[in-house]
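Q: I would like to see how this sequence folds:
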Amino acid sequence: MVWPHVPAYRVYVAPAARETSMTSTAAAPHPGMGFKQFVALIAALMAVNALAIDSMLPALPQIGHAFGVADPNQNQLILTAYLLGFGVAQLAYGVLADRYGRKPVMLAGLAIYVVTCGLCALATSFEMMLVARALTGVGAAATRVLTVSIVRDSYSGRQMARVMSLSFIVFLAVPIIAPSLGQAIMLVAPWRWIFGVLAVFGMAVAVWMWLKLPETLHPEDRRRISISSVLAAFKVVLTDRVAMGYTLAMTVIIGSLFGFLNSAQQVFTDVFNAGATFPLIFAGIAGGMALSSLLNAQIVDRLGMRKVSHSALIGFIVIAVVHAGVALAGFETIWTFAILQALMMFCFGMVASNFGAMAMEPLGHVAGMAASVQGFISTVGGAILGWAIGQQFNGSTVPLTLGFALLGLGALLVVLFVENGRLFRSSTQPA
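A: Have a look, this model is predicted:
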């Protein structure tokens, strides 16, 4: 499962894109690659990260058993290591892509991804697996940072929105089917083949991009690597009340998602003895987030980001508190867990989509670097919070549901501080 916030590093609108952006039938400005193929490639790049996270979740017990991991909670490090590498690397890719171009940097990231997925498949120790997974996250971070940059290099206006909308359908669908893919692979082959399939997929996408997609960054827009620009972006993000506040709120709420991902397999296997149905129920829960992301796109222009996200955050907290109460009272069943978790993920989708956008609102003058900084903070911080929740798993859903409630309340406190105690106000209203 992935969170619905894809940061972009750089915005460039090519002259050809400006000329074609007003027609939906215009061909993509890439020799040998039409519009449909371009959309498919962007969707495939977006899918790389989601597959790396979700497809291996059903295999966590088998992986831990293969390496003699005594504490099942330690298996969660396989996910956390990936997320930490994924978060840290986001700082580098935007700077490198502005200097050396989108294509070589993306291909380098995919190469890291392919090689390290292979290392995961061949790992001989738990420590080797964790290092390989962290490096896989480093490689996958290129797809998160650079896909939107490639689209913005090539299109503008309605055509750019059309590319992203069509690609986003795949982006939302992959988390729903990925666990089923992992489980299907384990029906016919050992768990190591999951990472083998990921390596093959990453290689196929890399070859496709290498053969078909030319460099999208124009030579005149290449910029020198500047450490000072990175530090300046950090300063701007860290000192802007709204930007930093919503970045922290995003970090806290993402921690709840990562806590769920860390514990999901254990919950279904150890609590409900329903490991076989894990992919199906996980798909329903992920579907709640996908549905809310689509609905958010329909209502946010009319209602505003603050009204939608603040309402969704309150809904998230209410559902989390109810869920914790159900778990503490001993009434938890697989159905209560699935329904309440799906409702919570529905609220999460609206919170995450809008918090990310609001965090970027004051930073238009440093949007690219700021997006990388915010991606770093929210992913690394969320991974640590999610790991902390997952480590409390004790054979019940109580630690998980209490963690959801506490993180939701923590995010609300941050938002109240940012908004001077007033929710739902328009961004045009005075503080």
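
Q: Point out where the stretch 301-431 of the chain drops to low pLDDT.
A: 364-368, 426-431 (pLDDT under 70).

Q: what about 80?
A: Within the stretch 301-431 of the chain, the set of residues satisfying pLDDT under 80 comprises 301, 353, 360-372, 425-431.

Q: How are the helices of it distributed by residue range?
A: Ranges of helices within the stretch 301-431 of the chain are 305-328, 334-360, 367-390, 398-418, based on DSSP state H, counting those that start in this stretch.

Q: Dump the third one to CSV, keeping only the CA atoms.
A: Pointing back at helix 367-390 there. Only the C-alpha atoms of helix 367-390 are listed here, as CSV (Å, rounded to 0.1, in the frame of the first residue of the first chain):
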residue,chain,number,x,y,z
ALA,A,367,9.0,23.7,-4.8
GLY,A,368,11.3,21.1,-6.2
MET,A,369,13.8,20.9,-3.4
ALA,A,370,11.1,21.5,-0.8
ALA,A,371,9.3,18.4,-2.1
SER,A,372,12.4,16.3,-1.7
VAL,A,373,12.9,17.6,1.9
GLN,A,374,9.3,17.0,2.8
GLY,A,375,9.4,13.5,1.3
PHE,A,376,12.5,12.7,3.3
ILE,A,377,11.0,14.0,6.6
SER,A,378,7.6,12.3,6.2
THR,A,379,8.9,9.0,4.9
VAL,A,380,11.8,8.5,7.4
GLY,A,381,9.8,9.9,10.3
GLY,A,382,6.7,7.8,9.4
ALA,A,383,8.8,4.7,9.0
ILE,A,384,10.2,5.1,12.5
LEU,A,385,6.7,5.7,14.0
GLY,A,386,5.3,2.8,12.1
TRP,A,387,8.1,0.5,13.3
ALA,A,388,7.5,1.6,16.9
ILE,A,389,3.8,0.7,16.6
GLY,A,390,4.6,-2.6,14.9
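
Q: between it and helix 398-418, how big is the angle?
A: 140 degrees (axes from the mean of the first three to the mean of the last three Cα atoms, to 10 degrees).

Q: hey, which helix is longest across the protein?
A: helix 157-188 (DSSP state H).

Q: Okay, angle between that one and helix 334-360 too, please.
A: Using the same axes, to 10 degrees, helix 157-188 lies at 140 degrees relative to helix 334-360.

Q: Quick one: mean pLDDT for whatever helix or strand comes next after helix 157-188?
A: Note on helix 157-188: by DSSP states H and E, the next helix or strand toward the C-terminus is helix 192-212. Regarding helix 192-212, the rounded mean pLDDT is 96.

Q: Please name every helix or strand in contact with helix 192-212.
A: helix 35-54, helix 102-122, helix 157-188 (3 or more Cβ pairs under 8 Å, 6 or more residues apart in numbering; DSSP states H and E). Every C-beta, even on glycine, is put in place using the N, C-alpha and C of the backbone.

Q: Lowest average confidence across these, which one?
A: helix 157-188 (a mean of 79).

Q: and of the helices of the stretch 301-431 of the chain, who's closest to residue 77?
A: Among those, helix 367-390 comes nearest to residue 77, with 7.5 Å by Cβ to Cβ.

Q: for the closest one, the distance to its chain's centre please.
A: 10 Å (Cα atoms, centre = their mean, to the nearest Å).

Q: returning to that earlier point: ok, which of the helices of the stretch 301-431 of the chain comes nearest residue 265?
A: helix 367-390 (10.3 Å).

Q: tell me which residues in that closest one are buried?
A: 367-390 (16 or more other Cβ atoms under 10 Å).

Q: again, but for stretch 88-104
A: Buried residues in stretch 88-104 (16+ other Cβ under 10 Å): 88-98, 101-103.

Q: got the buried residues for stretch 317-334?
A: Those buried within stretch 317-334 under the rule 16+ other Cβ under 10 Å are 317, 319, 320, 321, 322, 323, 324, 326, 327, 332.
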